[in-house]
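> Give me the fold of what follows.
(one chain, ligands or ions: 1)
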Amino acid sequence: MFNSVSSSIHTSNLNKNTNAKSAFVTSPIQKPFVKTQTVNPSLAHMNYFLGGQAVSFKGHNCSTSNFRVVRLNDVPCGCCGMPMLTYKQNQQLCLEATQKSGSDLAEFLQNNKKYFRGNESAIANYIISEAQKDEMTDVSSIISHADVDTHEIFNNENKRVLNNVKASLLSNHCRNNEINAYVDNTIAQLNSEDNVNFKRNNFLSGLNSLLNSNGDKELKHQVLDRAVKLPVSETQIERFFEKYSNASTTKIMQRLLNPATATAEHIQPHSLKGANNTANYLGECEECNSKRGNYDLNNYWMTNYPNMPESAQKNIDYVTDKIVKGELGDKYDDYPVDLQKALDNQTKGQIKLKVLTPEEIEAKRQETKKEEEQAA
Ligand SMILES: [Zn+2]
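Residues are numbered from 1 along each chain as shown. Sure thing, here's the model as predicted:
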């Protein structure tokens, strides 16, 4: 899917009202695909994240790969909210997958479901169902199947995610008839012959506006967290099967897990003089980082990941806990406040994080120390 960083596709995805032309790819992994374009400064204000306003970041200088947040296991992505993998975890999982087949493989993938993003989850679920049929079959032999029906794989995943959305509405006792009908009708559409017209972004923006007018923030958060797991496109799944039909299990697994790998996103893009320091970094999975790179972020953010404000909060809560525990070294006490300011600035108040100040972090650290001493 990263090949989609082409200007023709990118332009068609832009919000037509803004005419903003920008193609920023900030993930280091994306560099081979980057097409650098300059931004017309008069258009810069139209994009939240590309705001271009001078933000004075504190932080401490470090490269994106030295940003310690990307070395923590399972940090929630600041954009989609799903847990991220470190490179080490990624390599380990790829290695383990090469040693498994049949129901053992199915169980392994099932246990690591949280690391597969939308399209990848569709493919992983296909591998699981095929592995359950044959004890001898492994990842590379399943992907090499000649008779694979990518439309069915895509459609099955859409149905799976929407049934999870439905389950979330039920468990949260949602009594809003409009929301329930919206989800039910979409599931019915996916079950019918007419399922080719389903569009992820249209569905998400419709759901988001219904949840907004409903007003229940917790319901919105829980429902959107599930809904953003919808696969991105059938074409991309098709391309995957074309490209990997003769690939090794390691190569296939790397391709399926790389989107979940933790990266440092420049909040103010590097190409707009965004600083290489901790105060300008948000931990994001490679999938979100690379997508944000070539979309109009305002449009992209609202339609692809409407739960980003909550995800960014989840991210900083997790990271703050590690800072208090001393797992990020002594330079990170300012990070939560820096991140709060950077996101507030660059989103013009759309993301307002609740964070601990360095003093509060220190107080918490002392408190924990005391508790440990008393326990000992
Ligand atoms: Zn993400």
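
> What strand or helix carries the residue nearest to Lys354 when sequence neighbours are not counted?
Spatially, and ignoring its direct neighbours in sequence, Lys354 is nearest to Gln313 (6.8 Å; CB to CB, 6 or more residues apart in numbering). Just so you know, the C-beta spots here come from the backbone N, C-alpha and C atoms, and that holds for glycine as well. In the assignment (DSSP states H and E), Gln313 maps to helix 308-324.

> What residues of that helix count as buried?
Within helix 308-324, the residues scored as buried using 16 or more other CB atoms under 10 Å are 308-316, 318-320, 323-324.

> Contact partners for the nearest residue to Ala247 once chain neighbours are set aside?
The spatial neighbour of Ala247 that comes closest, neighbours along the chain excluded (CB to CB, 6+ apart), is Ser140 at 6.4 Å. Residues near Ser140 by CB atoms under 8 Å, 6 or more residues apart in numbering: 247-249, 252.

> what distance separates the start and the end of stretch 351-362?
End-to-end distance of stretch 351-362 (CA to CA, to the nearest Å): 25 Å.

> How about residues contacting it?
With CB under 8 Å, 6+ apart as the criterion, stretch 351-362 contacts 308-309, 312-313, 316, 320, 323-324, 333-334, 336-337, 339-340, 343-344, 364.

> model confidence over that stretch, on average?
Across stretch 351-362, the average pLDDT comes to 95.

> Over to stretch 60-79?
Computed over stretch 60-79, the average pLDDT equals 94.

> Please save the CA atoms from that stretch in CSV.
Extracted in CSV, the C-alpha atoms of stretch 60-79 (Å, rounded to 0.1, in the frame of the first residue of the first chain):
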residue,chain,number,x,y,z
HIS,A,60,15.8,17.6,23.3
ASN,A,61,17.4,17.1,20.0
CYS,A,62,17.3,13.5,18.7
SER,A,63,16.8,11.7,15.5
THR,A,64,13.5,9.9,14.9
SER,A,65,15.2,6.5,15.5
ASN,A,66,16.6,7.6,18.8
PHE,A,67,13.2,8.8,20.0
ARG,A,68,12.8,6.4,22.9
VAL,A,69,9.0,6.1,22.7
VAL,A,70,9.5,4.0,19.6
ARG,A,71,11.4,1.4,21.7
LEU,A,72,8.6,0.7,24.1
ASN,A,73,6.4,-2.3,23.5
ASP,A,74,2.7,-1.9,22.7
VAL,A,75,2.4,1.9,22.9
PRO,A,76,-1.0,3.0,21.6
CYS,A,77,-0.5,4.8,18.2
GLY,A,78,-1.2,8.5,18.6
CYS,A,79,-3.5,8.4,15.6
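
> Of all the residues in the lengthiest helix in the chain, which ones are buried?
In the chain, with assignment by DSSP state H, the single longest helix is helix 150-171. Neighbour-count burial for helix 150-171, counted by 16+ other CB under 10 Å, picks out 150, 153-162, 165-166, 168-169.

> Which element, helix or strand, includes Glu242?
Assigned by DSSP H and E, Glu242 falls in helix 234-244.

> related to what we said a few turns ago, pull the distance from the helix or strand that contains the residue nearest to Ala247 to the chain's centre.
Following DSSP H and E, the helix or strand that holds Ser140 is helix 139-143. Helix 139-143 has its C-alpha centroid displaced from the chain centroid by 26 Å (CA atoms, centre = their mean, to the nearest Å).

> Mind listing what's buried along that helix?
139-140, 142-143.

> between those, which is closest to Glu218?
Val139 (38.2 Å; CB to CB).

> what about that closest one, distance to Lys251?
Applying CB to CB, to the nearest Å, the value for Val139 to Lys251 is 10 Å.

> can you check Asn315 too?
30 Å.

> And the residue nearest the centre of this structure?
Closest to where the C-alpha atoms of the chain average out (CA atoms, centre = their mean) is Cys80, at 3.7 Å.

> would CSV of the buried residues of helix 139-143 with pLDDT be doable?
What follows is these, written out as CSV (pLDDT from 0 to 100):
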residue, pLDDT
Val139, 97
Ser140, 97
Ile142, 96
Ile143, 96
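
> rewinding a little: reformat the buried residues of helix 308-324 as a markdown table; add pLDDT and distance to the ion.
Shown next, in a markdown table, are those (pLDDT from 0 to 100; distance: CB to the ion, whole Å):
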| residue | pLDDT | distance to the ion |
| --- | --- | --- |
| Met308 | 89 | 9 |
| Pro309 | 89 | 14 |
| Glu310 | 90 | 13 |
| Ser311 | 94 | 7 |
| Ala312 | 95 | 11 |
| Gln313 | 96 | 14 |
| Lys314 | 96 | 11 |
| Asn315 | 98 | 10 |
| Ile316 | 98 | 15 |
| Tyr318 | 98 | 13 |
| Val319 | 98 | 15 |
| Thr320 | 97 | 19 |
| Ile323 | 96 | 21 |
| Val324 | 95 | 24 |
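
> May I ask which two of those residues are separated the most?
Across those (CB to CB), the longest gap, 24.4 Å, separates Met308 and Val324.

> so Arg255 is in which element?
Short version, using DSSP H and E: Arg255 is in helix 249-257.

> Quick one: residues in contact with that helix.
Here helix 249-257 has contacts from 85, 90, 93-95, 97-98, 115-116, 120, 123-124, 138-140, 143, 240, 244, 247, using CB under 8 Å, 6+ apart.
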